[in-house]
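Colleague: below is the sequence, then the predicted model.
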Amino acid sequence: MSEALSAHAIGLSSDMAIMSLLALSSYLMLLVGRVSFGQQAFFGLGAYAAGVMTAMFHLPLLLALSIGMAIGALCSWLLALPTLHLSGLHYAVATLAFGEMARIALSGWHWQLSTPDGPVGPAGIDGFRDIRWLLENDVTPGAYLALTLTALVLVLAVLMRAEPTRLGIALRMTGQDPILTNTQGIGVAALRLFTAAAAGAIAALGGGLYAHRTTYLEPALFDPMLGVHAVGYALLGGLGTAIGPLVGVIFDLGLLEATQLFAGWRMVIFGGLVALFLRWRPRGLLDEALVHQISQTLAGFLLGPSAAAAHPANSGANAIPLKERP
Amino acid sequence: MTAFLQLTLDGLIDGGAYALVGLGLSLTFGSLRRLNLAYGATAMLAAYCGAWLHIQHQAPVWLVALTVMVAATLIGGYVEGLCFARTEKNTASTDAAPLAGADGLEVVALASSFAIWMQLEQLAVNLLPRHLNAFPSLATEQDWRLGELMIRPDRLLLALLATALTLGLAAWLQRSRAGLSWRACADHRLAAHLVGMPVARLKSVGFAAACALSGLAATAILLLDGQVTPMFGMWVLLKGLVAAMLGGLGSVRGALWGGLLLGVSESHAQALWGAWGREFATYALLFLVLVAPWRRHRSDRLVSGVHA
């Protein structure tokens, strides 16, 4: 009983870590002011690419994940090129259309190699079976969870580290006001292209990890609802810090789905909450102001109140409170 | 040649249904300048209410149709209150948009209407958990022959209804006083307010009318199918979105042309590449319309309001 329970817990934690990667990818797009409903496409492309690499070409997992990330980044960059000049509204609809085009393209993709155990590879709408790298290499679910968490922590560390740098600040500036940012000598277009590529890579990393966890992929998994959830997690958790999307994931998957308390009503609650948050707390639970406050308080505890006051830049450089604009 | 004509004709007739669903979406955008992504889910939940009445109480067709339209209007009111009412407060103020850019508020409304979509879809599935649900059917069995061409009379009737509704609405917007005041509100809220128009009320009425229209469209389409599935919401939204976007959001006649163009493209794509091609063509058309280079020069048309 307890073994089954812990297996369930390991599975749930892996799912949450993987969804967190997708949510971080949406978060990154939201930072530069883009609502993308197409991140699930890069998740799916990364999943298929990594699956093809291990199941069909027997590459090691880490190499396969890297190739998946490269493909995700490339496709995301290619999508960003023609959509760069679109208004936010049209961008959202264009990414939605792109996500569906990618899903339908995957469902028409047949490419199988014959092996002693039968054909392996994507088989259109029937999906892509037997991505068995973990079984073949005796990786336990626990060890795979550790790998997934390591990937998540690495991505988080990079995002958090980038936050107080010039790049991180430029990203937030772009999100607040692209025109004003341009007048400050920051290339908004280049920044958005770079962000799209990075977000595509993160989504693809999540996809590759997902493919090896489930061993089975089908195009229908990557429908717009997945992308909408990712955006919802980021908007619910907050855009103030990269921890925000994780809060959203923990709330939805960890609380609503795992406890089964609201079986059948999970979407009603989650969807309603996202809408309510967008109305009354549009930058999520952990928005810039709250993050600033928390980091001030933490700095006060760690360094003493005088130190926190003396070095406000150290503690809150990553916070650009929304209301302080002239 | 006959095959080509037949495909085009089928496409045109299908296009009527697309125009019908695109119309409500285009009107909402025209009068509120907000894209309502919960549109399809609204129509679906309303259709589920009608189907429930039909299954549980064997309600007659007219009652089902009425229920769907009323339900669509009520649900639309809920969506408007939760996602779009913010607009009213913020048009005059210079508050920073919570998400980027000049259309930050539009994007927020778009995202929250998308979130509501999940909610409405789940409610519909909770109401009728089966995948296929019976809806009263008015479909005919007999096909009409026109030389070598085949026409399904019920589909033709739907297409004609869509055309008549679109052209009638366009004429009403252009000619009548009420249509003029609606266009004025959509064009310039402040100016309309200054000349004494009840802007907020007109907007609500416009939104409700668009939602009732979506209920009517859903009824008309489902009456021919005789069933409703959970895929209906997505179908309504996407076909409507492509039709409305092709014709230019906010344009009434544009929705008709957009719907017909989509219908014909889909029909030929299906003949060339099968069902897969049909599905892909819908999204490819939407994507191309959005990123097409000629759009850059017309981007000002987006902010202009509803027009015939």
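Modeller: Nice, I can see it.
Colleague: contacting residues around A:Ala92?
Modeller: By CB atoms under 8 Å, 6 or more residues apart in numbering or on different chains, the residues touching A:Ala92 are A:Val35, A:Ser36, A:Phe37, B:Val107, B:Leu110, B:Ala111. The C-beta positions use only the backbone N, C-alpha and C, and glycine is treated the same way.
Colleague: give me the three-state assignment for it.
Modeller: Secondary structure for A:Ala92, judged by DSSP: H, G, I helix; E, B strand; the rest coil, is helix.
Colleague: list the contacts of the closest residue to it other than its chain neighbours.
Modeller: Leaving aside its chain neighbours, A:Ala92 sits nearest to A:Val35 (4.7 Å; criterion: CB to CB, 6 or more residues apart in numbering or on different chains). Contact analysis of A:Val35 by CB under 8 Å, 6+ apart lists A:Met29, A:Gly88, A:Tyr91, A:Ala92, A:Val231, B:Leu99, B:Val107, B:Leu110, B:Ala111.
Colleague: circling back to that earlier point, quick one: least confident of the contacts of A:Ala92?
Modeller: For the contacts of A:Ala92, the model is least confident at B:Val107; its pLDDT is 75.
Colleague: and the helix or strand containing it with chain A, contact?
Modeller: With secondary structure defined by DSSP states H and E, B:Val107 is part of helix B:104-127. Yes - using CB under 8 Å from any CB of the partner chain, we find that helix B:104-127 touches chain A at B:104, B:106-108, B:110-123, B:126.
Colleague: strands of chain B, residue ranges please.
Modeller: Along chain B, the segments classed as strands by DSSP state E run B:133-134, B:144-146, B:149-151, B:227-228.
Colleague: which residues touch the third one?
Modeller: The list of residues contacting strand B:149-151 from outside it, by CB under 8 Å, 6+ apart, reads B:Thr2, B:Leu5, B:Gln6, B:Leu9, B:Ile13, B:Asp143, B:Trp144, B:Arg145.
Colleague: mean confidence for that strand?
Modeller: 80.
Colleague: note down every partner strand of that strand and its orientation.
Modeller: Here strand B:149-151 is paired, per DSSP bridges, with strand B:144-146 (antiparallel).
Colleague: run the chain-centre distance for the partner strand.
Modeller: How far strand B:144-146 lies from its chain's middle: 30 Å, per CA atoms, centre = their mean, to the nearest Å.
Colleague: how close does A:Gly264 get to chain B?
Modeller: A:Gly264 sits 6 Å away from chain B, going by CB to the nearest CB, to the nearest Å.
Colleague: give the contact list for that residue.
Modeller: By CB under 8 Å, 6+ apart, the neighbours of A:Gly264 are B:Gln122, B:Asn126.
Colleague: that one: what secondary structure?
Modeller: Here A:Gly264 is recorded as coil under three-state DSSP.
Colleague: pull stretch B:251-263 out as CSV, backbone CA atoms only.
Modeller: The C-alpha coordinates for stretch B:251-263 follow below in CSV (Å, rounded to 0.1, in the frame of the first residue of the first chain):
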residue,chain,number,x,y,z
SER,B,251,-17.0,43.7,-40.2
VAL,B,252,-20.4,42.1,-40.7
ARG,B,253,-20.3,41.4,-44.4
GLY,B,254,-16.6,40.4,-43.9
ALA,B,255,-17.7,37.6,-41.7
LEU,B,256,-19.8,36.2,-44.5
TRP,B,257,-17.0,36.5,-47.1
GLY,B,258,-14.6,35.0,-44.6
GLY,B,259,-16.9,32.1,-43.9
LEU,B,260,-17.4,31.3,-47.5
LEU,B,261,-13.7,31.5,-48.3
LEU,B,262,-13.0,29.2,-45.4
GLY,B,263,-15.7,26.8,-46.5
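Colleague: appreciated, that's everything.
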